[in-house]
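Q: Fold the following, please.
(2 chains)
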Amino acid sequence: MNLTQGLYSSTIGKKILMAVTGIILFGFVVGHMLGNLQLYLGAEQLNAYADKLQSLGPLLWVIRAGLAFCVGVHVVAAVQLWLRNRASRPVRYRLFRPPEVDYAARTMMWSGPIILLFILYHLGHLTVGCLHHDFIRGDVYHNVVTTFRIWWVAGFYMLANLLLAVHLYHGLWSLFQTFGWDHPLFGRARRWIAIGFAVLIGAGNVSLPLAVLAGVVR
Amino acid sequence: MKLTLHVWRQKDARDPGGFKTYQLEDVTTHMSFLEMLDVLNQDLITAGEDPVAFDHDCREGVCGACGFVINGVAHGDQKGSTVCQLHMRHFADGDEVTIEPWRAKAFPVLRDLVVDRSAFDRILTAGGFISVRTGSAPEANSIPIPSEAAEHAMDFAECIGCGACVASCPNSAAMLFVGAKIAHLGLLPQGQPERERRALAMVEAMEREAFGSCTNYRACEAVCPKEISISGIARMNKDFRRALLSGSNRASGKRR
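A: From the prediction side, this is the model:
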């Protein structure tokens, strides 16, 4: 078994692929949120930041391609594992009460696809602009504020970001296990680290549509 | 007390099987769960019916032979216990009890509550051993082992291979079993020479069976009669990753 075989043909290898791509996507989510929080600093600051990103030119497309590749690997591995897991118990229990199974773990296969759909909508909505009612290229502040005044758009963003936080909580905790990062000294702290990051990211992202909806950001 | 039992009955591996309901009138609180089934079987034999087949051996919680799912939980609701150590005092008069075999593609039902767990044996044969000089016993102090390492290894060596981890995993994964074996041997100096090869071989053997993958539900840890920690799974993952990256298996000529 060489490295590629080991990563592709074993469930543990697939989990390693999911964990590595998960970390990269997690890093993107953190950076994306920090960038977006500049909404609170006003139109000039946010639009200048967006200009700076656009000025990366070809590098921006390399980053985008890399992220899309990570999403692809993450999704393909998840679907393959899911299919294998579904096939592992052909005769179901009449009564099945597995203890300890938490909500985030059980809903990964739901939160994942919903987040993927949200990302596609979000790209069309605030990157390309084709799903936006009044899109002005380059005026990010305007695009964000005008759309979040619509309650159902803001609501969908908040719902998707809450799901993202739940997904990241279980994903982050899981990757500690997948990489074997466990130690009597910090084994218990891993769950709190995951909860901490999930709460910060969830709060930061949800606050944006909420602030516009509440009229704090105009 | 009186109990209503819903027991999975299946003649052989090809029979689709189904639930049968039995009434028991005189269950005493002192009986173990298996003794309660013994009483049921005596009644069935007297009535000329086939007794319910179930695995059992030591009946003191150390052999790993017994095990089935009681009201949706592997080995029943009592934590850190096998079925044979579960007593009827935990049940109340008039209770309905559903009894099912371990359900997993990798553990086909042979008859009633008896499943074929030879998948575990195949994983063990693949790497659950150390190379030792056989013959006369070595001098006891020739290999120093820190007492923490010995204790830690013992925590994993407690695994009795009952299969409750697979039975209670929503994915029917065998990670806790394989993790316990790999962690047990990997923590001891005697287990070091084959450490990477063992991780590769045992994980490969596990993947050949129809077990699912780990999604960190932790249901295995919760039902394990020996309360083995999922830190064994983390150790297995780490050994497997290191073995993949080091390529040591290729140096050994075991290219597959």
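
Q: so who does B:H30 touch?
A: B:87-89 (C-beta atoms under 8 Å, 6 or more residues apart in numbering or on different chains). (C-beta placed from N, C-alpha, C; glycine too.)

Q: Could you list the low-pLDDT ranges of the stretch 151-256 of chain B?
A: For the stretch 151-256 of chain B, the stretches flagged by pLDDT under 70 are B:248-256.

Q: Which one of the residues in it is closest to chain A?
A: B:K238 (2.6 Å; C-beta to the nearest C-beta).

Q: can you check the stretch 1-150 of chain B too?
A: For the stretch 1-150 of chain B, C-beta to the nearest C-beta, closest residue to chain A: B:G72, 3.5 Å.

Q: most surrounded residue in the contacts of B:H30?
A: Using other C-beta atoms under 10 Å in any protein chain shown as the neighbour test, the contacts of B:H30 are led by B:M88, with 20 neighbours.

Q: What are the boundaries of the helices in chain A?
A: Assigned by DSSP state H, chain A shows helices spanning A:3-9, A:11-36, A:43-54, A:58-87, A:103-106, A:108-122, A:140-148, A:151-179, A:189-213.

Q: Just the residues contacting the third one, thanks.
A: Taking contacts as C-beta under 8 Å, 6+ apart, the residues outside helix A:43-54 that touch it are A:35, A:38-39, A:60, A:138-142, A:144.

Q: ok, and for the longest helix that chain B contains, which residues are buried?
A: Ranked by number of residues, the top helix in chain B under DSSP H is helix B:231-246. By 16 or more other C-beta atoms under 10 Å in any protein chain shown, the buried positions in helix B:231-246 come out as B:231-241, B:243-244.

Q: How far off centre is it?
A: 21 Å (C-alpha atoms, centre = their mean, to the nearest Å).

Q: what residues go with each domain of chain B?
A: B:3-110, B:117-251 (automatic domain parsing).

Q: And these: which comes nearest A:G215?
A: A:G215 lies closest to domain B:117-251 among those, at 41.4 Å (C-beta to C-beta).

Q: can the strand or helix carrying B:A199 be found next to chain A?
A: Assigned by DSSP states H and E, B:A199 falls within helix B:195-208. Yes: applying C-beta under 8 Å from any C-beta of the partner chain, one finds helix B:195-208 touching chain A at B:200, B:203-204, B:207.

Q: Off-centre distance for that helix?
A: 18 Å.

Q: angle of that helix against helix A:11-36?
A: Counting by axes from the mean of the first three to the mean of the last three C-alpha atoms, to 10 degrees, helix B:195-208 lies at 90 degrees to helix A:11-36.

Q: Quick check, central residue of chain A?
A: A:L164 (5.0 Å; C-alpha atoms, centre = their mean).

Q: roughly how far apart are that residue and A:H170?
A: 11 Å (C-beta to C-beta, to the nearest Å).

Q: Tell me how many other residues surround residue 172.
A: I went with chain A, as the question did not name one. 22.

Q: if you could check chain B rather than the one you did, that'd help
A: If we define neighbours as other C-beta under 10 Å, then B:S172 has 27 of them.

Q: who's in contact with it?
A: A:85, A:88-89, B:103-107, B:166, B:210-212.

Q: which bits of the stretch 1-150 of chain B sit near chain A?
A: Residues of the stretch 1-150 of chain B lying near chain A by C-beta under 8 Å from any C-beta: B:6, B:19, B:69, B:71-73, B:98, B:100, B:103-106, B:109.

Q: mind running it again at 10 Å?
A: B:6, B:8, B:10, B:16-17, B:19, B:69-74, B:77, B:79, B:97-109, B:148 (C-beta under 10 Å from any C-beta of the partner chain).

Q: What about the residues you listed, which are in helices?
A: B:E148.

Q: If any of the residues of the stretch 1-150 of chain B next to chain A are buried, put those into a PyMOL selection.
A: Entered in PyMOL, the line below selects the buried ones among the residues of the stretch 1-150 of chain B next to chain A, by 16+ other C-beta under 10 Å:
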select buried, chain B and resi 6+8+10+17+69+70+71+72+73+74+97+98+99+100+101+102+103+104+105+106+107+108+109
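
Q: Tell me how many other residues surround B:D116.
A: That count, for B:D116 with other C-beta under 10 Å as the rule, works out to 14.
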